[in-house]
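K.L.:
Compute the structure for the input listed below.
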Amino acid sequence: MPNPKGNPKSLKPFTTDREEPLTEKMNIRMTKEMKEEVQQQENPPEFCREAIQEKLDKNKGKSNP
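P.N.:
Residues are numbered from 1 along each chain as shown. Next up, the predicted model:
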C-alpha cells in the first residue's frame, strides 16, 4: 500500500540563498487589471516583493529627514 503522505525524499526542508528567508505570507486585494499586469511579469512574486520593498524604502526616507 502506498504511503498517503507521499515520497519521504520529497519532504526535504526548503533552502534559500537569500539573506533573510521568506517565511511570512500575506494576501492582498487588487483590481482584475492589476492582477493581469502582475501575472504578465517574468517572476510575479519577486516583482511584488520588490515593489513593496521599494515603497517601504521610499516611505522610510520621508519619515527620516
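
K.L.:
What is the helix ranked longest in the chain packed up against?
P.N.:
For the chain, the longest helix by residue count, based on DSSP state H, is helix 44-63. Helices and strands touching helix 44-63, by 3 or more Cβ pairs under 8 Å, 6 or more residues apart in numbering; DSSP states H and E, are helix 32-39. Using the backbone N, CA and C atoms, a C-beta is placed for each residue, glycine as well.

K.L.:
In terms of secondary structure, what does the helix it packs on contact?
P.N.:
Counting by 3+ Cβ pairs under 8 Å, 6+ apart, helix 32-39 packs on helix 44-63.

K.L.:
so where is this structure shaky, pLDDT-wise?
P.N.:
1-3, 6, 8-11, 14, 64-65 (pLDDT under 70).

K.L.:
So which residue is dead centre in it?
P.N.:
Of all residues in the chain, the one closest to the mean position by Cα atoms, centre = their mean is residue 45, 4.4 Å from it.

K.L.:
where's that one relative to residue 39, distance?
P.N.:
11 Å (Cβ to Cβ, to the nearest Å).

K.L.:
Leaving out the residues flanking it, which one is nearest to residue 30?
P.N.:
residue 38 (7.6 Å; Cβ to Cβ, 6 or more residues apart in numbering).

K.L.:
ok, that neighbour - how many residues close by?
P.N.:
Per other Cβ atoms under 10 Å, the neighbour tally for residue 38 reads 14.

K.L.:
my read: it touches residue 50, true?
P.N.:
No. Look at residue 38 against residue 50 with Cβ atoms under 8 Å: they stay out of range, at 11.5 Å.

K.L.:
any idea how far stretch 47-61 is from the chain center?
P.N.:
Offset of stretch 47-61 from its chain centre (Cα atoms, centre = their mean, to the nearest Å): 13 Å.

K.L.:
swap that for stretch 36-48, please
P.N.:
On Cα atoms, centre = their mean, the centre of stretch 36-48 falls 10 Å from the chain's centre.

K.L.:
picking up where we left off before, relative to residue 51, how far out is the residue nearest to residue 30?
P.N.:
Applying Cβ to Cβ to residue 38 and residue 51 gives a distance of 9 Å.
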